[in-house]
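for reference, the sequence and a predicted model appear below.
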Amino acid sequence: MPSVHVAMTTWAAIAVSAAWPRLRVLMWSFAAAIFVGSFALGWHYVSDGLAGALGAMACWKLAGIYLAYGAAPKRRLAATAVEAGM
């Protein structure tokens with residue numbers, strides 16, 4: 001079972017790194033501590049942490065693709081409809 005704690009801290013590290021690059025080292029250190037703690041304390045296997053982290057990275061990447069290609073045309077269509085008085 002993938003570790004949701006690792007997934008959330010990985011996602012937070014990605015998001016904060018993108019928004020505030022100066023905090024990159026701090027956030028990735030925190031994510032690494034949660035990753036190591038999750039299996040060092042016996043809550044997960046290493047593979048669970050890797051699955052959680054990779055899942056969070058994949059979701060981040062897929063969200064970017066969706067926002068770049070999937071959601072943008074809908075927003076443009078909605079704006080065009082508003083401008084046309086529909």
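Alright, I've got the coordinates.

okay, and the residue most central in space within the chain sits in which element?
Averaging the C-alpha coordinates of the chain gives a centre point, and the residue nearest to it by C-alpha atoms, centre = their mean is W11 (3.3 Å). Assigned by DSSP states H and E, W11 falls within helix 4-19.

right, and the helix or strand after that helix?
Sequence-wise, the next helix or strand beyond helix 4-19 is helix 24-40, with elements assigned using DSSP H and E.

tell me what angle that next one forms with helix 4-19.
Here helix 24-40 points in a direction 170 degrees away from that of helix 4-19 (axes from the mean of the first three to the mean of the last three C-alpha atoms, to 10 degrees).

check which element follows helix 24-40 along the chain.
Stepping forward along the backbone from helix 24-40, the first helix or strand reached (DSSP H and E) is helix 46-65.

now do that next one: distance to the chain's middle.
The chain centroid and the centroid of helix 46-65 are separated by 7 Å under C-alpha atoms, centre = their mean, to the nearest Å.

same check, this time on stretch 36-51
The mean C-alpha position of stretch 36-51 is separated from the chain mean by 19 Å, C-alpha atoms, centre = their mean.
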